[in-house]
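> Build me a structure from this.
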Amino acid sequence: QFAAPVKMNMPHPVILLLFGAFLSAAFYGVAVGVPQEWQYLGNMVKWWYGIGLYIPFFTAGIIAGRNDWMKSIEKMETWIVWMLRTIVVGFWILMF
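Reported below is the predicted structural model:
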């Protein structure tokens, strides 16, 4: 392996939502703050996607896969599942 294994239990879904809010702020900040001439630096097109989406989700996917987070999702309490569903429907209503 390239790096030492990271053992980490799945965080509470509310903490994941807060981290998602932070990533959306980073996405917006980089989209607004990076000048147009730097937008295509290197081979990365649109850096805000890389910093706000690609790199964090790739890293989280590796950590989740190595630590069996899917088992934690299967065992999640009912009220948490319904809270997350309500949040998703709320965002759908706001967006559309």
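> Which stretches in the protein count as helices?
Using DSSP state H, the helices of the chain run over 13-33, 47-49, 55-66, 69-74, 78-95.
> JSON lines please, covering these and showing distance to Y40, mean pLDDT and mean neighbour count.
Bear in mind the C-beta positions are built from the backbone N, C-alpha and C, glycine included. Compiled in JSON lines, these are given as follows (distance: least, Cβ to Cβ, whole Å; pLDDT from 0 to 100; neighbours: other Cβ atoms under 10 Å):
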{"stretch": "helix 13-33", "distance to Y40": "14", "mean pLDDT": "88", "mean neighbour count": "13"}
{"stretch": "helix 47-49", "distance to Y40": "9", "mean pLDDT": "79", "mean neighbour count": "16"}
{"stretch": "helix 55-66", "distance to Y40": "17", "mean pLDDT": "90", "mean neighbour count": "13"}
{"stretch": "helix 69-74", "distance to Y40": "35", "mean pLDDT": "91", "mean neighbour count": "12"}
{"stretch": "helix 78-95", "distance to Y40": "29", "mean pLDDT": "93", "mean neighbour count": "10"}
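> Which of the ones you listed sits closest to L41?
In this view, the helices of the chain are compared for proximity to L41 by Cβ to Cβ, and helix 47-49 is the closest at 6.8 Å.
> and that closest one, how far from the chain's centre?
The gap between the average C-alpha position of helix 47-49 and the chain average comes to 13 Å, counting by Cα atoms, centre = their mean, to the nearest Å.
> same deal with stretch 4-14?
With Cα atoms, centre = their mean as the basis, the distance from the averaged C-alpha position of stretch 4-14 to the chain average is 13 Å.
> got the contact list for it?
Applying Cβ atoms under 8 Å, 6 or more residues apart in numbering, the contact partners of stretch 4-14 are 19, 63-64, 66-67, 69, 72-73, 76, 80, 83-84.
> on that earlier part again, any chance of the helices of the chain in TSV, plus distance to L41?
Formatted as TSV, the entries for the helices of the chain read as follows, by distance: least, Cβ to Cβ, whole Å:
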stretch	distance to L41
helix 13-33	12
helix 47-49	7
helix 55-66	15
helix 69-74	33
helix 78-95	30
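> Out of these, the one nearest F2 is which?
F2 sits nearest to helix 55-66 of all the helices of the chain, at 10.6 Å, using Cβ to Cβ.
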